[in-house]
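S.K.: Structure of the sequence below:
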Amino acid sequence: MGNRRLLALFGLVFAIALAFMVPLQLLIAPAVQGRSTLALREASGHAWSGRLRGLAWGGAGSTTVDVALSPLPILLGERHWRLESDAFTATLLQGRARGLRDANGQVPFTGTSTPLRFQLGLQQADLVFRDGRCDEAGGQLFIELPLGREDTQDGPPTGPLRLEGPIACSGTHAVAELRVTVPLPTGIDRIESRVVIDGDGALVIDSAASSEVPAGRLALQVAGFESGPAGMTRQDRLSVSPRPDGQAPGLSDN
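M.R.: Numbers count the residues shown, from 1 in each chain. Predicted coordinates for the structure are as follows:
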């Protein structure tokens, strides 16, 4: 190997080593700049071993996440961050390919249709976007709506109603059609949801339900459903678009 190649290789290794020593806060701050629903209280450590405290996305509650940057993808101009928290793990992709790989766990959200909390989760999920289109999607997505079951022939009352389904690509978006996995509460005939995710992380959940009895319709209203021509519906949106005032919500002083 010639001297020039050795110098080039040394320079590359040195640049990667230097990048791993950069304080994590300097690398993460641009990711939250101008994002209306992405907030971060504190970033500590370095790229190879750091921690994000008070991280919140959309209506999700804040949490602490351990992060680690993988070295090899940097050689290809990509950044792969391994994320681990008590309730969620995934590899975050940045570069030409964006999204998540091997995502598992769940996160609580406050819905936009109601102040009631609900859970959104992923199981062995891949969500990868490239060149403005959904490139890879797989695994399962589920939500748990705040709508418990009453006594049924199948067992005692339970907690939130769970809907789940496979994730697939559809043009520029990833889509999951969700169906209930347990018997419905008494008086409710149907509940289903459709989740659409784009490459910027914006997410829309459209849920539809029907009931022929007053008690069932009341239970749906309490859970954030509204009456309309297509029955009872509920929509929740989680966006990471820039704030109107151009200010960044992340890395706050408190």
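S.K.: give the contact list for the residue nearest to G105 when sequence neighbours are not counted.
M.R.: Residue nearest to G105 in three dimensions, not counting chain neighbours: F88, with 3.4 Å by C-beta to C-beta, 6 or more residues apart in numbering. All C-beta atoms are positioned from the backbone trio N, CA, C, and that covers glycine. By C-beta atoms under 8 Å, 6 or more residues apart in numbering, the contact list for F88 reads T63, V65, A103, N104, G105, Q106, V107.
S.K.: Any quick ChimeraX command for the buried ones out of these?
M.R.: To isolate the buried subset of the contacts of F88 in ChimeraX, counting by 16 or more other C-beta atoms under 10 Å, use the following:
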select :63,65,103,105,107
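S.K.: Can you tell me the SS state at Q221?
M.R.: helix (DSSP: H, G, I helix; E, B strand; the rest coil).
S.K.: And the pLDDT for it?
M.R.: On pLDDT, Q221 comes in at 87.
S.K.: same thing with L184?
M.R.: pLDDT recorded at L184 is 86.
S.K.: That one touches I191, doesn't it?
M.R.: Yes - counting by C-beta atoms under 8 Å, L184 does reach I191; the two are 6.5 Å apart.
S.K.: neighbour-wise, which of these two wins?
M.R.: More neighbours surround I191 than the other of L184 and I191, with 24 against 18 (other C-beta atoms under 10 Å).
S.K.: Helix or strand for that one, just tell me which one.
M.R.: Using DSSP states H and E, the element containing I191 is strand 190-197.
S.K.: Show me what counts as buried in that strand.
M.R.: By neighbour count on 16+ other C-beta under 10 Å, the buried set for strand 190-197 is I191, S193, V195, I197.
S.K.: Let me know the closest of the residues you listed to L75.
M.R.: I197 (28.8 Å; C-beta to C-beta).
S.K.: just to revisit the earlier point, after the strand holding I191, next one along is what?
M.R.: strand 203-210.
S.K.: Give me the buried positions along that next one.
M.R.: Neighbour-count burial for strand 203-210, counted by 16+ other C-beta under 10 Å, picks out L203, V204, I205, S207, A208, A209, S210.
S.K.: that older thread, quick one: mark the members of the contacts of F88 that sit in strands.
M.R.: Counting by DSSP state E, the contacts of F88 place T63, V65, A103, N104, G105, Q106, V107 in strands.
S.K.: ranges for the strands of the stretch 151-254 of the chain?
M.R.: For the stretch 151-254 of the chain, the strands defined by DSSP state E, counting those that start in this stretch cover 161-170, 173-180, 190-197, 203-210, 226-228, 231-238.
S.K.: Those strands into a markdown table, with extra columns for distance to A137 and mean pLDDT?
M.R.: Formatted as a markdown table, the strands of the stretch 151-254 of the chain follow (distance: least, C-beta to C-beta, whole Å; pLDDT from 0 to 100):
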| stretch | distance to A137 | mean pLDDT |
| --- | --- | --- |
| strand 161-170 | 5 | 95 |
| strand 173-180 | 4 | 96 |
| strand 190-197 | 9 | 94 |
| strand 203-210 | 13 | 91 |
| strand 226-228 | 30 | 87 |
| strand 231-238 | 18 | 86 |
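S.K.: can you redo the ones you listed as JSON lines with distance to E84?
M.R.: Converted to JSON lines, those look like this (distance: least, C-beta to C-beta, whole Å):
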{"stretch": "strand 161-170", "distance to E84": "21"}
{"stretch": "strand 173-180", "distance to E84": "23"}
{"stretch": "strand 190-197", "distance to E84": "22"}
{"stretch": "strand 203-210", "distance to E84": "22"}
{"stretch": "strand 226-228", "distance to E84": "38"}
{"stretch": "strand 231-238", "distance to E84": "22"}
